[in-house]
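Asks: got a sequence here, can you model it:
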Amino acid sequence: MRLLILGGTKFLGRSVAEQALQRGHDVTTFNRGASGNDVPGVAAIRGDRTSDQDLAALAAQGDWDAVIDTSGMTTALVEASTLALADAIDRYIFISTVNVYKGWPTDPLHDDSPVREYTPEAPEGESGADEYGRLKAGCEKAVTDVFGDRATLLRPGVIVGPHEYVGRLPWWLSRIQAGGRVLAPGTAAWKIQPIDVRDVASFALDAAEQHLTGAYNLTAPIGHSTFGEFLAACREVTGGAADFVWVDDAFLREHDVPEWTGLPLWRDYKGTWHVDAERARKAGLVCRPLAETVADTYAWLRGGALVASERSAELGITREREAQLLAAWDARQSAG
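Replies: This next block holds a predicted model:
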């Protein structure tokens, strides 16, 4: 197949490009060349998605069997891309997110759960997470409006693995490698279902090859792993002498620890880790063990390849803050 990747140098796009080449496809990437290095073997076209002129020049170099859009973040951006490429590609595969669902992250979700309504103007009091979901819902609408049944919408949950620039898994690996008493949020038995970036990329390529239509959640199976198993895997691969101290959710909220970012991946809403991806599994989605993802990510980090980003800079509590919380927790436990 002739494939076009919008992105293709950083995280998910990079994995899509690498696997597409391994499968024998002819791969073109379109990006500014500012966020990462090109995967050897791709035909790299430089351009800016915000430029109508650059998009027109890109379209003139088609035809492609499919485009896999890994970098569409705003409705206007995706709308411009779909219109420019409408006659240059056969299928549009858009990487969306489970944030498009009205019930995320509080309610359990499935492939047909209600999606947020897109509005150009932000509702009063909209959070950053809600804005992300609203804009991604608008992106989905832009794709389906132009491509109809030639559109494929992929809605991943939390993606981790090698080349992760968000920094959730790298933060835990770094903290646990340092050893000592490690504040572990909630309970060790809390079930989680992050998905490996390479498994998302593999399914995106399956969707292109099999001409899959419609929307697909992409998560590891519900109950795929637990937070305790996740942290234990981090300790095993790093060799850190970490002693996990499990601190309950109510205590963390009482002490204003930010969910999701203060202790990465910690959020105990019922729906956060209860996203059913049955449709994708029936279509061939396979998810590797989380321990394998942890080990491969640590091996990548040891190569010194991690690049700091704005999102990774926002993650985690300081060691000083952790010590304060543990001291307060110890005092509460001692008091009864």
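Asks: do a quick rundown of the strands in the stretch 51-200 of the chain.
Replies: Here the stretch 51-200 of the chain has its strands, by DSSP state E, counting those that start in this stretch, at 64-69, 89-95, 151-156, 159-160, 180-185, 191-192, 195-196.
Asks: give me every residue that touches V197.
Replies: V197 makes contacts with F11, L12, S15, I159, V160, G161, P162, H163, E164, as judged by C-beta atoms under 8 Å, 6 or more residues apart in numbering. Glycine gets a C-beta too; all of them are placed from N, C-alpha and C.
Asks: the fifth one and E121, how far apart?
Replies: In other words, V160. When distance is defined by C-beta to C-beta, to the nearest Å, V160 is 34 Å away from E121.
Asks: ok so, going back, quick one: which of the contacts of V197 is nearest D296?
Replies: P162 (5.5 Å; C-beta to C-beta).
Asks: list the contacts of that closest one.
Replies: By C-beta under 8 Å, 6+ apart, the neighbours of P162 are V197, R198, D296, T297, A299, W300.
Asks: where does the third one land in three-state SS?
Replies: Translated: D296. helix (DSSP: H, G, I helix; E, B strand; the rest coil).
Asks: count of neighbours near the nearest residue to V286 once chain neighbours are set aside?
Replies: What sits nearest to V286 in space, not counting adjacent residues and going by C-beta to C-beta, 6 or more residues apart in numbering, is D199, at 6.6 Å. When counting by other C-beta atoms under 10 Å, one arrives at 22 neighbours for D199.
Asks: pLDDT wise, what is D199 at?
Replies: pLDDT recorded at D199 is 98.
Asks: let me see the contact set for it.
Replies: So D199 contacts L218, A220, L285, V286, C287, R288 (C-beta under 8 Å, 6+ apart).
Asks: D52 too?
Replies: A80, A84.
Asks: again, 7 Å this time
Replies: A80 (C-beta atoms under 7 Å, 6 or more residues apart in numbering).
Asks: ok, now the one 10 residues further on?
Replies: Shown here is G62, whose contacts under the criterion C-beta under 7 Å, 6+ apart are A88, I89.
Asks: please redo it, this time with the cut-off set to 8 Å
Replies: Contacts of G62 by C-beta under 8 Å, 6+ apart are L4, L85, D87, A88, I89.
Asks: the third one - nearest residue in space that isn't next to it in sequence?
Replies: Residue nearest to D87 in three dimensions, not counting chain neighbours: A59, with 7.2 Å by C-beta to C-beta, 6+ apart.
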